[in-house]
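In: Return atomic coordinates for the entry below.
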Amino acid sequence: MRFLGVIPARYASTRFPGKPLVDIAGRPMIQRVYERASEALEEVWVATDDARIEETVRSFGGNVIMTSAACPSGTDRCKEAAEKISALSNRAYDVVINIQGDEPLLHPEMIEKLKGCFSSDDGGTDIATLANPVARPEEIFNPNEVKVVFDRRGHALYFSRSPVPYVMDVEQSGWFAHHTFYKHVGVYAYRTDVLRKITELAASPLEAVERLEQNRWLENGYKIRVEITNHESVPVDTPEDLERIQRLLDRSTLSAEGRTGKT
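Out: You can find the predicted model right below:
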């Protein structure tokens, strides 16, 4: 199968304008994401509507495609980018992988998990995504941590900012110990024909109330395969998040030096 990795990147951001270009240990964040994704994919492109991001990607030798500023979501930007890239390269892609541009610690194994959902090539997977087991009790009740529940075959049943499932007859302080909750990791892989179709769907009620576009896909009957990863998602949403990323990078560097005997 032929996979195409697309990193949607906007300069405008309500909480953190210009974040794709922020410096993280000597490299812009978009470069770090690009390099991580390229470890698992032969072809990766940044899709942007901003000339500053375009110039930065070209400066480190990355692939970049300009897309419309009117794209309402990263999914729509991926769809437009995939069509343009396919026309430029004269290639057809079976699966498009939507990689968040604000996750500089993205682990390549996360992308490999998504690719594996389509490896049988039986047409059974429309869309694939990832989830982590919730590691801290407070995450269950944090609306910024999207929870997901899925069936025994690993297909998503629902995504919510509320705690799902509700644990009956147990005090909320005991929910974490009583049940394994899962939080969504916002990276997606779509069959190319499915990507085109879902961007043509009208907004849905559950999408509107939760502000989660994946619920629109579920409401319209699409199957979303959920793979479990133990690699935690660490997005950069605010300047404060950069400090956490730097600490994690420093810790990772020290650990690597210890394994190789460097001092």
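
In: pLDDT below threshold where in this protein?
Out: Confidence mapping of the chain against pLDDT under 70 gives the ranges 14-15, 120-123, 250-263.

In: Spatially central, which residue of it would that be?
Out: For the chain, Val187 is the residue whose C-alpha lies nearest the centre (Cα atoms, centre = their mean; 2.2 Å).

In: my guess is that one meets Leu130, correct?
Out: Yes: assessed by Cβ atoms under 8 Å, Val187 is found in contact with Leu130 at 5.9 Å. In short, each C-beta sits where N, CA and C put it, glycine included.

In: Could you tell me which residues touch both of these two?
Out: Taking Cβ atoms under 8 Å, 6 or more residues apart in numbering as the criterion, Val187 and Leu130 both touch 110, 114, 233.

In: Give me the phi and psi angles of the second one.
Out: What it means is Leu114. phi -70, psi -40 (degrees, to the nearest 10).

In: Could you shift the numbering so residue one becomes 3, and keep it that way?
Out: Okay, residue one is now 3; in that scheme the one you just asked about reads as Leu116.

In: ok, it - how many residues close by?
Out: Per other Cβ atoms under 10 Å, the neighbour tally for Leu116 reads 28.

In: check contacts around the nearest residue to Arg213 once chain neighbours are set aside.
Out: Spatial nearest neighbour of Arg213, excluding adjacent residues (Cβ to Cβ, 6 or more residues apart in numbering): Arg163 at 7.8 Å. Counting by Cβ under 8 Å, 6+ apart, Arg163 touches 145-149, 212-214.

In: Out of the residues you listed, list just those in strands.
Out: The members of those that map onto strands under DSSP state E are Lys149.

In: Report the buried members of the contacts of Arg163.
Out: 147-149, 212, 214 (16 or more other Cβ atoms under 10 Å).

In: TSV for these, including distance to Ile226?
Out: Output for the buried ones among the contacts of Arg163, formatted as TSV (distance: Cβ to Cβ, whole Å):
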residue	distance to Ile226
Glu147	18
Val148	13
Lys149	14
Glu212	14
Leu214	11
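
In: how far does stretch 67-78 stretch from start to finish?
Out: 14 Å (Cα to Cα, to the nearest Å).

In: and Arg138, what does it touch?
Out: Going by Cβ under 8 Å, 6+ apart, Arg138 touches Phe178.

In: and the gap between it and Gly223?
Out: 34 Å (Cβ to Cβ, to the nearest Å).

In: which residues sit in contact with the nearest residue to His186 once chain neighbours are set aside?
Out: Leaving aside its chain neighbours, His186 sits nearest to Val148 (4.2 Å; criterion: Cβ to Cβ, 6+ apart). Residues near Val148 by Cβ under 8 Å, 6+ apart: 161-163, 185-186, 188, 214.

In: Can you pick out the most distant pair from those residues?
Out: Ser162 and Gly188 (14.2 Å; Cβ to Cβ).

In: Helix or strand: which one has Ile113?
Out: Using DSSP states H and E, Ile113 sits within helix 110-118.

In: do the same with Glu57
Out: Going by DSSP H and E, Glu57 is part of helix 53-61.

In: all helices for this structure, in order.
Out: When secondary structure is read from DSSP state H, the chain shows helices at 31-40, 53-61, 76-91, 110-118, 177-180, 194-200, 207-212, 215-221, 241-262.

In: which other residues reach stretch 18-25?
Out: With Cβ under 8 Å, 6+ apart as the criterion, stretch 18-25 contacts 11-13, 15, 30-32, 50, 54-55, 58, 103-104, 238-241, 244.

In: Straight-line length of it, end to end?
Out: Stretch 18-25 has an end-to-end distance of 13 Å (Cα to Cα).

In: Off-centre distance for it?
Out: How far stretch 18-25 lies from its chain's middle: 17 Å, per Cα atoms, centre = their mean, to the nearest Å.

In: All set now, cheers.
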